[in-house]
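In: return atomic coordinates for the entry below.
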Amino acid sequence: KDEVVKLITLLFPEEEHQQCAFTQFTDGLTNRLFKIRYSNSETKRELLIRVYGEKTELLIDRDKELSGMIALNQCGLAPPVYGKFTNGVCYGFISGTPFSVDDMKDNGKYPLVAEQLAKFHSAVVPDMEKTPSLFNTLRKWQKEVSH
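Out: Now for the predicted structure:
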């Protein structure tokens, strides 16, 4: 927690760090994820700090991931990126509720999802291939795991 406080103090010196609430999410497979919420802030800022898991850079191109996050934010499809550090990234938190099976069947909701997915897939992300890369990525991962 002390390291997280140091980081957010550097990124947001104007905020009162004594008045923020920390939540650590434990669902992740490869990262540690912390949510920070400023309770006395006029902006009611909420953010996430993702600390990369050990050697995950062998599986995930972190530079490409970051440039994708920034480009998607510029298109209005992702939260802002506030900073990158040696083993992680800090970005905005978007509150929401996971879609249920019933939500997916709701005639008023699934067209909205389709609309957002269309925007997402048509977004221009520099240095991001538009050709399918799933199988190449899986082969790369298999190669890394085999060593």
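In: please identify the helix or strand for the spatially most central residue of the chain.
Out: Centroid-nearest residue in the chain: Y91, 6.7 Å away (criterion: CA atoms, centre = their mean). Secondary structure assigned from DSSP states H and E places Y91 in strand 88-92.
In: quick one, helices of the protein?
Out: 2-11, 62-74, 101-105, 110-122, 134-146 (DSSP state H).
In: okay, the fourth one in CSV with CA atoms only?
Out: Just to be clear, that refers to helix 110-122. In CSV, the C-alpha atoms belonging to helix 110-122 read as follows (Å, rounded to 0.1, in the frame of the first residue of the first chain):
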residue,chain,number,x,y,z
TYR,A,110,-27.9,-5.9,-26.9
PRO,A,111,-28.1,-3.4,-29.8
LEU,A,112,-26.3,-0.9,-27.6
VAL,A,113,-23.5,-3.4,-27.0
ALA,A,114,-23.3,-4.2,-30.7
GLU,A,115,-23.0,-0.4,-31.4
GLN,A,116,-20.1,0.0,-29.0
LEU,A,117,-18.4,-3.1,-30.3
ALA,A,118,-18.6,-1.7,-33.8
LYS,A,119,-17.0,1.5,-32.6
PHE,A,120,-14.3,-0.4,-30.8
HIS,A,121,-13.4,-2.6,-33.8
SER,A,122,-13.3,0.4,-36.1
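In: what is it packed up against?
Out: Applying 3 or more CB pairs under 8 Å, 6 or more residues apart in numbering; DSSP states H and E, one finds that helix 110-122 contacts helix 101-105. Backbone N, C-alpha and C define where each C-beta goes, glycine included.
In: elements contacting the helix it packs on?
Out: Short answer (3+ CB pairs under 8 Å, 6+ apart): helix 101-105 packs on helix 110-122.
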